[in-house]
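Engineer: no sequence for this one, just the structure:
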Ligand SMILES: [Fe+2]
């Protein structure tokens, strides 16, 4: 299985969309790596590579919300923190195991990929809509 950047994930904000594309690429790199080798150190390294970008992207998205005075920032940050905690749990899980188990892959699918799809379609699209409406007040 691969994560996919489908049309319904487009928010219309160029920075957010391009970062989501990179995020999905890094998720897929992890999935591919685990398919070709169940070696623990490789999986940990690739998961860290994904985690780095998760943090970078969330920070950029939160900064953008601050800059535009987005009213949903606090709630959005809570969502980001929840995913960061999930990724930390997954890292611990991987470090405790011999290598990535089926259960690890299942959790990655459910708690990261599925979560991300819902988050993007809801929370992230709302930011882009807010920007659009601020820039086009006649549309309100
Ligand atoms: Fe977000």
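Structural biologist: Structure's in. What do you need? Nothing here was measured: the structure is a model prediction, and the numbers come from that model. Numbers count the residues shown, from 1 in each chain.
Engineer: can you tell me which residues contact residue 47?
Structural biologist: Residue 47 is in contact with 30, 87, 90, 91, 94, counting by C-beta atoms under 8 Å, 6 or more residues apart in numbering. Yep, even glycine has a C-beta here, placed from its N, CA and C like the rest.
Engineer: how much space between the spatially closest residue to residue 121 that is not a sequence neighbour and residue 50?
Structural biologist: Once flanking residues are discounted, residue 121 sits nearest to residue 8: 6.1 Å by C-beta to C-beta, 6 or more residues apart in numbering. Relative to residue 50, residue 8 is positioned 22 Å away (C-beta to C-beta, to the nearest Å).
Engineer: which one of the two has more residues nearby?
Structural biologist: residue 50 (21 against 9; other C-beta atoms under 10 Å).
Engineer: ok, the more buried one to the ion distance?
Structural biologist: Counting by C-beta to the ion, to the nearest Å, the separation of residue 50 from the ion is 15 Å.
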